[in-house]
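Colleague: missing the sequence, but the structure's below:
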């Protein structure tokens, strides 16, 4: 059990720091958006590529924050239904939903990697390659996959401890 706790601690720390990278993009994105609005109002012009850059920064922020959101249990849960189940059925339902989530996220990671590797397109205005941003789908999904594995281990531990 010691290895599991060490792995959990490493994954959660990695997830936190990766999320922090994404969070720091919010400040430049906010400044760019405010600047674009001011320029638009004052001079009836826009900052070239501001919308495109904001879209990329928002994608990075969201994709790098997925796993941390799972870590702090910030994703939407339908707990009113699960709370009505028996104490033994609750961890079983958590295991089922976590396994289903792992399957879906595995497909997202796989396809994010495949599409990201073969991507050759660039953005319209700034000519920024789209491949790194599409590969972030695989990176963010992989971190979410690791967090879901932690949840699976915790739920399995709950189910095993409740057995007679």
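Modeller: In hand now; what should we look at? Not measured: the values here are computed from a predicted model. Numbers count the residues shown, from 1 in each chain.
Colleague: tell me what the helix or strand hosting residue 35 is packed against?
Modeller: Assignment of secondary structure by DSSP states H and E places residue 35 within helix 26-43. Judged by 3 or more C-beta pairs under 8 Å, 6 or more residues apart in numbering; DSSP states H and E, helix 26-43 is in contact with helix 50-71. Every C-beta, even on glycine, is put in place using the N, C-alpha and C of the backbone.
Colleague: what does the helix it packs on rub up against?
Modeller: Outside of helix 50-71, the residues that reach it under the criterion C-beta atoms under 8 Å, 6 or more residues apart in numbering are 12, 15-16, 18-19, 21-23, 25-26, 28-29, 32-33, 35-36, 75, 123-126, 128, 133, 136-137, 139-141, 143-144, 146-148, 150-151.
Colleague: Report the next helix or strand after it in sequence order.
Modeller: Where DSSP H and E defines the elements, the next helix or strand beyond helix 50-71 is helix 79-82.
Colleague: Check the contacts of helix 50-71 for burial and list the buried ones.
Modeller: Burial by neighbour count, judged by 16 or more other C-beta atoms under 10 Å, picks out 12, 15, 18-19, 22, 25, 29, 32-33, 36, 128, 133, 136-137, 139-141, 143-144, 146-148, 150-151 from the contacts of helix 50-71.
Colleague: Next, count neighbours for residue 160.
Modeller: Residue crowding around residue 160 was assessed by other C-beta atoms under 10 Å; the count is 9.
Colleague: what's the spacing between it and residue 88?
Modeller: Computed with C-beta to C-beta, to the nearest Å, the distance linking residue 160 and residue 88 is 11 Å.
Colleague: So residue 112 belongs to a helix, correct?
Modeller: Yes. Residue 112 forms part of a helix when assessed by DSSP: H, G, I helix; E, B strand; the rest coil.
Colleague: Quick check, it in contact with residue 133.
Modeller: No. In this structure, residue 112 is not within contact of residue 133 by C-beta atoms under 8 Å, at 10.3 Å.
Colleague: Stretch 92-104: which residues count as buried?
Modeller: Within stretch 92-104, judged by 16+ other C-beta under 10 Å, the buried ones are 92, 94-95, 97-98, 101-102.
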